[in-house]
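Engineer: Quick one, fold the following:
(3 chains)
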Amino acid sequence: MKIFHEHSWEVSPQEARKIQLELKSRIDFVSRMNIEDIDTVAAADISYHKHDRYLYAAVALFSFSDLKFLSSHSLKMQSTFPYIPGYLSFREAPPIIEIFRKIDTRPDVLLCDGQGIAHPRHFGLASHLGLLLDIPTIGCAKSVLVGEYEEPPQERGAASPLIFKQKKVGEVLRTSSHVKPVFVSPGHKISFEDAHEIILRCSPRFRIPEPLRVAHKIVNEIRLNDISDDKFFK
DNA sequence: GCGACAG
DNA sequence: ATCTTGTCGC
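Structural biologist: The predicted structure follows:
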């Protein structure tokens, strides 16, 4: 798969910030897709052991209508950037980009474990991946990075706007009744409405959308089974 | 300077 | 992110 807007990942936090500011203007906030036409939905996730130099990534593909697992691809790669709030994509996007670079599968939408435009510079992991892969993406984070919000009602499907600097940047969505909500924000080529609807449909039973749950399970299992994992040498 | 801070 | 045991509620 072709990668757009390629740039180096071997950068300093200052350079990363500059790249975010340059690329954010290219984010597309419009959904040109019709939810009823979505055939496949994919999810990407990363796993690593604290203080380990390797990152494990996985992309799981699902059918959107009945959420059936279709396939998955994974990869192991050395990290090139530390975890710094606001710069997560510079740590986690490289291995995910690598997986897509070598496969020809193009999901209709990609779910990401992190923020989309609900970011200090409106360019979170989902936005970064969406722009480089040219695929509609949705950020679905387990906790907030920026913005203020009111606690949404306890029923599944309830949501309240996530406001950052007087503007809506996402939604705090309750995917399961009486359970902590998730933070949903558009990444690229998708609207707030579609992001909300897709995340809800992908979470019929649990808090975390099924594709993301499975991707997390897969990548964690791969890391634990990797005999060359650095932890065995420490 | 102080507090916040995706994974 | 990961580690880690029991425990509470739908």
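Engineer: isn't residue A:186 right up against residue A:29?
Structural biologist: Yes: the pair residue A:186 and residue A:29 passes the contact test of Cβ atoms under 8 Å, sitting 6.4 Å apart. C-beta here means a position set from N, CA and C on the backbone, and glycine is covered the same way.
Engineer: which neighbours do the two share?
Structural biologist: residue A:117 (Cβ atoms under 8 Å, 6 or more residues apart in numbering).
Engineer: Of these two, which one has the most company?
Structural biologist: Under the neighbour definition other Cβ atoms under 10 Å, residue A:186 and residue A:29 were set side by side, and residue A:186 has more, 30 against 12.
Engineer: Give me the nearest residue to residue A:216, chain neighbours excluded.
Structural biologist: What sits nearest to residue A:216 in space, not counting adjacent residues and going by Cβ to Cβ, 6 or more residues apart in numbering, is residue A:45, at 4.7 Å.
Engineer: List the buried residues of the helix or strand where residue A:70 lies.
Structural biologist: With elements delineated by DSSP states H and E, residue A:70 resides in strand A:69-78, which encompasses its position. Going by neighbour count (16 or more other Cβ atoms under 10 Å), the buried part of strand A:69-78 is A:72, A:73, A:74, A:75, A:76, A:77.
Engineer: Partner strands of it, with direction?
Structural biologist: strand A:54-63 (antiparallel) (DSSP bridges).
Engineer: and residue A:131, how many neighbours?
Structural biologist: Neighbours of residue A:131 (other Cβ under 10 Å): 22.
Engineer: any idea how far residue A:37 is from it?
Structural biologist: In this structure, residue A:131 and residue A:37 are separated by 22 Å, where distance is defined by Cβ to Cβ, to the nearest Å.
Engineer: Could you count how many residues lie near residue A:159?
Structural biologist: A total of 21 residues lie near residue A:159 under the criterion other Cβ under 10 Å.
Engineer: tell me the phi and psi of it?
Structural biologist: In this entry, residue A:159 is assigned phi and psi values of phi -150, psi 160 (degrees, to the nearest 10).
Engineer: Kindly report the same for residue A:154.
Structural biologist: Comment: the main-chain dihedrals of residue A:154 come out as phi -70, psi -10, following degrees, to the nearest 10.
Engineer: State the distance from the nearest residue in space to it that is not next to it in sequence to residue A:155.
Structural biologist: By the measure of Cβ to Cβ, 6+ apart, the closest residue to residue A:154 outside its immediate chain neighbours is residue A:178, 5.3 Å from it. When Cβ to Cβ is applied, the distance between residue A:178 and residue A:155 equals 8 Å.
Engineer: Look up how far DNA strand B lies from the spatially closest residue to residue A:67 that is not a sequence neighbour.
Structural biologist: Spatial nearest neighbour of residue A:67, chain neighbours left out: residue A:210 (5.0 Å); criterion: Cβ to Cβ, 6+ apart. Using Cβ to the nearest atom of the strand, to the nearest Å, we find residue A:210 at a distance of 16 Å from DNA strand B.
Engineer: quick one: secondary structure of residue A:50?
Structural biologist: coil (DSSP: H, G, I helix; E, B strand; the rest coil).
Engineer: Just the strands from chain A, written as ranges.
Structural biologist: When assigned using DSSP state E, the strands of chain A occupy the ranges A:40-47, A:54-63, A:69-78, A:109-112, A:137-141, A:159-164, A:167-173, A:182-188.
Engineer: The ones you listed into JSON lines, with extra columns for mean pLDDT?
Structural biologist: Supplementary listing: the strands of chain A in JSON lines, determined by pLDDT from 0 to 100:
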{"stretch": "strand A:40-47", "mean pLDDT": "98"}
{"stretch": "strand A:54-63", "mean pLDDT": "98"}
{"stretch": "strand A:69-78", "mean pLDDT": "98"}
{"stretch": "strand A:109-112", "mean pLDDT": "98"}
{"stretch": "strand A:137-141", "mean pLDDT": "98"}
{"stretch": "strand A:159-164", "mean pLDDT": "98"}
{"stretch": "strand A:167-173", "mean pLDDT": "98"}
{"stretch": "strand A:182-188", "mean pLDDT": "98"}
